[in-house]
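Q: Return atomic coordinates for the entry below.
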Amino acid sequence: MSKSFYQLLYQNETLYRIHGETPVNEFVEEIPSSSLIAMEDPTAPLAPISAPQVSARPASISVPLPKLNHQILILVDESPAMSPSNTIFLEKVLKAVNLNLEGVDILNLAGAKQMDFRPLLQNKTVHHFISFGVPFININLEIMMNRYDPKRISGVNFLLAESLDIVQTDDKNKRALWGALKKIFMA
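A: Residues are numbered from 1 along each chain as shown. Presented below is the predicted three-dimensional model:
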């Protein structure tokens, strides 16, 4: 197993190796035997445990998901709102695959913190996630994928693309987006 696999699987956790065992990988820390605690008398009463100290961090606000009306969700990150040129470009992109702006939900995630889209997947609310410049990790979906390489996971199509600003100014990205959309909507 590679280091990146373990980092993806155990992102924010520290992994330890017990003294004497063969290490799985070089990034796993070994617990020295001096730090292991042995209980001398298992029948002795335990001392009360004080509450752990929590460092002062700014509280992040969890944003509730809006009600979605369609099975296609487009994610953008444009502050403060989507520009008219990007709206027109997105409308042309959707028209190319027989869709329109009224047939999709567009969610601008500019400035949003801690949005959790997992319930949408569990409830099969959305069938297509198309993200323009918003990594899926930002919405609490741990999906590793390449741009313009659509993936179908649990019956939901995912597509990650560059931001609308970048796509509409670069022919290479336009072609890649068109190819990916054809795989999803015209296959």
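Q: Kindly report the domain assignment for the chain.
A: Recorded structural domains for the chain (assignment: automatic domain parsing) are 3-35, 72-185.
Q: And the strands in the chain, which stretches?
A: Along the chain, counting by DSSP state E, strands occupy 16-18, 29-31, 72-76, 105-108, 128-132, 151-153, 156-161.
Q: could you pull out the helices for the chain?
A: For the chain, the helices defined by DSSP state H occupy 3-9, 84-96, 118-122, 164-169, 171-185.
Q: Pick out the shakiest of those helices, pLDDT-wise.
A: Mean pLDDT is lowest for helix 3-9 out of those, coming in at a mean of 56.
Q: Next, count neighbours for the closest residue in space to Asn86 that isn't next to it in sequence.
A: Excluding the flanking residues, the one nearest Asn86 by CB to CB, 6 or more residues apart in numbering is Leu164, at 4.1 Å. C-beta here means a position set from N, CA and C on the backbone, and glycine is covered the same way. Leu164 has 23 neighbours, counted by other CB atoms under 10 Å.
Q: shouldn't Leu164 be in contact with Leu75?
A: No - using CB atoms under 8 Å, Leu164 is not in contact with Leu75, being 10.8 Å away.
Q: Please identify every residue contacting each of these two.
A: Phe132 (CB atoms under 8 Å, 6 or more residues apart in numbering).
Q: Any idea how many residues pack against Ile153?
A: Ile153, neighbours per other CB under 10 Å, totals 12.
Q: repeat for the one 10 residues further on
A: Summarising burial for Ser163: neighbours were counted as other CB under 10 Å, giving 16.
Q: before we move on, what about Gln168?
A: Count around Gln168 with other CB under 10 Å applied: 19.
Q: So it sits against Ser83, correct?
A: No - look at Gln168 against Ser83 with CB under 8 Å: they stay out of range, at 10.1 Å.
Q: rewinding a little: give me whichever of the domains of the chain is most buried.
A: Per residue and on average, the most neighbours among the domains of the chain fall to domain 72-185, with a mean of 16 (mean count of other CB atoms under 10 Å).
Q: and that domain, how far apart are its ends?
A: For domain 72-185, the first-to-last residue distance is 11 Å (CA to CA, to the nearest Å).
Q: And stretch 125-139, by the same measure?
A: Taking CA to CA, stretch 125-139 runs 15 Å from one end to the other.
Q: Just name the shakiest helix or strand of this structure by mean pLDDT.
A: The helix or strand of the chain with the lowest confidence, counting by mean pLDDT, DSSP states H and E, is strand 29-31 at a mean of 47.
Q: May I have stretch 145-152 exported as CSV, CA atoms only?
A: Extracted as CSV, the C-alpha positions of stretch 145-152 are listed here (Å, rounded to 0.1, in the frame of the first residue of the first chain):
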residue,chain,number,x,y,z
MET,A,145,-10.8,12.5,-9.7
ASN,A,146,-9.1,14.2,-12.6
ARG,A,147,-10.6,17.2,-14.3
TYR,A,148,-12.8,16.3,-17.3
ASP,A,149,-12.8,12.6,-16.5
PRO,A,150,-16.4,11.9,-15.4
LYS,A,151,-17.0,9.1,-12.8
ARG,A,152,-20.1,7.3,-12.0
